[in-house]
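Colleague: sequence and predicted structure are below.
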Amino acid sequence: AGARHGGVEPDLYRDTWVRYLGYANEVGESFRPLVPVAAVWASYGVATAYVTADAIDKGRKAAASLASVAIPGFTINRLCAASLALLGSLTRWPLPVRKWATTALGLAAIPVIITPIDRTVDFLMDSSLRKLYSTEGEPPS
């Protein structure tokens, strides 16, 4: 819907005429001396609907990017915490060696966890939020 700018789809709520609906209450307030109070309240309804729709849209988009950052980060965090604890109880290695070994394990795990996490997040999003918004995702290749 609309022309692309620099290869990026325009934001319906920020880059089109729809943005002006967010100012409906200001227009209503400006007309307050001339129109019934119900019209002013209706203008607040339009502005509130705009803000709610924009928030839902941004929340949906943020949920997908948050999942791609939070889940891998949490996974590496727990893997490193567990490996540091295990190395502390199973070896007599000095703490700096255990810390470097934990760091190496965390870095080595990154390429291993990416595909399973991406596929799991896609499956969960397709089974939940994307059904609500009717936007099936593309499975990762």
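Modeller: Now that the structure is in, tell me what you want to look at.

Colleague: any idea which residue is closest to the centre of the protein?
Modeller: Ala62 (1.7 Å; Cα atoms, centre = their mean).

Colleague: separation between it and Ala108?
Modeller: 30 Å (Cβ to Cβ, to the nearest Å). From N, CA and C alone the C-beta is placed, and that goes for glycine too.

Colleague: part of a helix, is Cys93?
Modeller: Quick fix: residue 93 is Trp, not Cys. No. Using DSSP: H, G, I helix; E, B strand; the rest coil, the assignment for Trp93 is coil, not a helix.

Colleague: so it touches Ser83, yeah?
Modeller: No. Using Cβ atoms under 8 Å as the test, Trp93 is too far from Ser83 to be in contact (11.7 Å).

Colleague: between these two, which contacts overlap?
Modeller: Counting by Cβ atoms under 8 Å, 6 or more residues apart in numbering, the shared contacts of Trp93 and Ser83 are Ala101.

Colleague: these two: which is more packed in?
Modeller: For Trp93 versus Ser83, neighbours defined as other Cβ atoms under 10 Å are more numerous around Ser83 (18 against 13).

Colleague: now do the longest helix seen in the chain: distance to the chain's middle.
Modeller: If you go by DSSP state H, the chain has its longest helix at helix 37-90. Mean-position distance between helix 37-90 and its chain equals 5 Å (Cα atoms, centre = their mean, to the nearest Å).

Colleague: what about the helix or strand following it, distance to the chain center?
Modeller: Later in the chain than helix 37-90, the nearest helix or strand by DSSP states H and E is helix 95-127. For helix 95-127, the gap between its own C-alpha mean and the chain's C-alpha mean amounts to 19 Å (Cα atoms, centre = their mean).

Colleague: same for helix 95-127, what does it pack against?
Modeller: If you count contacts as 3 or more Cβ pairs under 8 Å, 6 or more residues apart in numbering; DSSP states H and E, helix 95-127 packs onto helix 37-90.

Colleague: thanks a lot, see you next time.
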